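[1] fold the following and give me the result.
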Amino acid sequence: MPGPGPHLMYAMSSGLGLTTLSNGRFSAHHTLTYTINAFFGPDIGSFSEWLGSTVGIGFGSALADAIHHPFYYVLILGLPLSFFYSWLSRFFIQKGVLYSNSGVPLTKRQCLFLVSAGSLSHFFLDHLFEENGHSTLYTWILSTGWWKNRAPINPDAVVIVGFLCTCLIGGFIYINRVQPFNTLKQQSNQSLKLILFVASLYCLWCVSQIYWVNPRRPAVGEEADLGVLVFLATYFFLPHYLCISSMHSKDLEAEQIPL
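    The predicted model follows:
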């Protein structure tokens, strides 16, 4: 699986991109918290395993297996880590260690978003580049394609997939047409809803052809579209959405942790 370099560089580069696009609202505090959890976070169990074997305690392996998971890591350590990183952000600001445009430390809620985003981004690389390409998830992604022989062309698949793609492009043009009646934020929200709606129907079509029809039929030719869409939604778009959400925090002052 990827080592420290790829995890750190991928997450930090994504954070810097968000910093540039947000004009500093995604601060260095956001980027550091996200980056640390994208690398060290889910792999903290490996360090515990090494420590346990060193001192003769046998809890390390079980802890490593439980924590090295995109969701269990957040469920087990998300809340305590959100307290810790919020306190650390406050400490860095008070001591002048790390700059923040707002001058306000991260809240527990923001840190929880960043911890979750870091865990998912960690497995974005792990699932693609571990176990010699035979990881369980990667094998499932490929299984949603058609690899037996040349995929037959089903007219209904051409019509349905073509219709959904046309709706996506046409709907986007309509929402973002010249002289719109909505604000830019409303247009973005409506475009996102359109993407999610079409993606849901697209996945439903793929599921029906792969799992419901007997015998199975190729949903979109030879392509593994269902696996790709689920993977990207979970491990690429969701963590970046959590990062963006971490820039918005309600009751900011009420969330602070005193030293």
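
[2] let me know the secondary structure of Thr139.
    Secondary structure state of Thr139, per DSSP: H, G, I helix; E, B strand; the rest coil, is helix.

[3] all helices of the stretch 151-259 of the chain, in order?
    155-175, 184-207, 225-232, 238-245 (DSSP state H, counting those that start in this stretch).

[4] for the second one, buried residues please.
    Going back to what we said before, that points to helix 184-207. 187, 190, 194, 198-199, 202-203, 205-206 (16 or more other C-beta atoms under 10 Å). For the C-beta atoms, the positions are set from N, CA and C on the backbone; glycine is no exception.

[5] and it, what does it pack onto?
    On a contact count with 3 or more C-beta pairs under 8 Å, 6 or more residues apart in numbering; DSSP states H and E, helix 184-207 meets helix 155-175, helix 225-232.

[6] CA atoms of that helix as PDB?
    What follows is helix 184-207, C-alpha atoms only, in PDB (Å, rounded to 0.1, in the frame of the first residue of the first chain):
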ATOM      1  CA  LEU A 184     -24.800  31.600  -8.200                       C
ATOM      2  CA  LYS A 185     -25.100  29.600  -4.900                       C
ATOM      3  CA  GLN A 186     -28.600  28.500  -5.900                       C
ATOM      4  CA  GLN A 187     -27.400  27.400  -9.300                       C
ATOM      5  CA  SER A 188     -24.600  25.400  -7.700                       C
ATOM      6  CA  ASN A 189     -27.000  23.700  -5.300                       C
ATOM      7  CA  GLN A 190     -29.400  22.900  -8.100                       C
ATOM      8  CA  SER A 191     -26.600  21.500 -10.300                       C
ATOM      9  CA  LEU A 192     -25.400  19.300  -7.400                       C
ATOM     10  CA  LYS A 193     -29.000  18.000  -6.900                       C
ATOM     11  CA  LEU A 194     -29.200  17.300 -10.600                       C
ATOM     12  CA  ILE A 195     -25.900  15.300 -10.600                       C
ATOM     13  CA  LEU A 196     -27.000  13.300  -7.500                       C
ATOM     14  CA  PHE A 197     -30.400  12.600  -9.100                       C
ATOM     15  CA  VAL A 198     -28.900  11.400 -12.400                       C
ATOM     16  CA  ALA A 199     -26.200   9.400 -10.600                       C
ATOM     17  CA  SER A 200     -28.800   7.700  -8.500                       C
ATOM     18  CA  LEU A 201     -30.800   6.600 -11.600                       C
ATOM     19  CA  TYR A 202     -27.600   5.600 -13.400                       C
ATOM     20  CA  CYS A 203     -26.600   3.400 -10.500                       C
ATOM     21  CA  LEU A 204     -30.100   2.000 -10.200                       C
ATOM     22  CA  TRP A 205     -29.900   1.000 -13.900                       C
ATOM     23  CA  CYS A 206     -26.500  -0.700 -13.400                       C
ATOM     24  CA  VAL A 207     -27.700  -2.600 -10.300                       C
END
